[in-house]
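Trainee: would you be able to build a 3D model of this:
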Amino acid sequence: MANTMSYRGYTARIDFESGDDIFVGKLLGMNEPIIFHGASVEELRGDFEFAVDHYLAECEKMGQKPEKPASGKLLLRLPADTHAAVIIEAAGAGKSVNQWISDTLAGALSKWRG
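Mentor: Numbers count the residues shown, from 1 in each chain. You can find the predicted model right below:
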């Protein structure tokens, strides 16, 4: 994915604010907004890592479980005919529906990421 950084399982979207001449990042998939910035890529990465480490330390200090961007569970609603086609494709591949969907999405993402 373009314009992202990852650290300790957290991914952030990076934007450039030309008016302030700085990079601004925001952690993705989080309910609590965690935002950081930097005038250079090095400064941005340092502030990103500090923000994640600080968030994790605060959670530990408060006895809270840190929010994760993804749990690994996905509820997916499909039209009945698509669901039926997925069942058939999975069976034909000798896979569970869950494994077939997981493999198919992973393949699509690897092509998308290039």
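
Trainee: quick one: Arg13 is in a strand?
Mentor: Yes: under DSSP: H, G, I helix; E, B strand; the rest coil, Arg13 sits within a strand.

Trainee: local confidence estimate at Gln99?
Mentor: Here, the pLDDT recorded for Gln99 equals 91.

Trainee: show me what the helix or strand encompassing it is in contact with.
Mentor: Per DSSP states H and E, Gln99 falls inside helix 97-113. Contacts to helix 97-113, defined as CB atoms under 8 Å, 6 or more residues apart in numbering, come from residues 1, 76, 86-87, 89-90, 93, 95. Every residue, glycine included, has its C-beta placed from N, CA and C.

Trainee: tabulate those residues (JSON lines), appending secondary structure, neighbour count and distance to Ala106.
Mentor: Listed next are these as JSON lines, based on DSSP: H, G, I helix; E, B strand; the rest coil; neighbours: other CB atoms under 10 Å; distance: CB to CB, whole Å:
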{"residue": "Met1", "secondary structure": "coil", "neighbour count": "10", "distance to Ala106": "14"}
{"residue": "Leu76", "secondary structure": "coil", "neighbour count": "7", "distance to Ala106": "15"}
{"residue": "Val86", "secondary structure": "helix", "neighbour count": "16", "distance to Ala106": "15"}
{"residue": "Ile87", "secondary structure": "helix", "neighbour count": "12", "distance to Ala106": "19"}
{"residue": "Glu89", "secondary structure": "helix", "neighbour count": "14", "distance to Ala106": "15"}
{"residue": "Ala90", "secondary structure": "helix", "neighbour count": "18", "distance to Ala106": "14"}
{"residue": "Ala93", "secondary structure": "coil", "neighbour count": "12", "distance to Ala106": "14"}
{"residue": "Lys95", "secondary structure": "coil", "neighbour count": "15", "distance to Ala106": "13"}
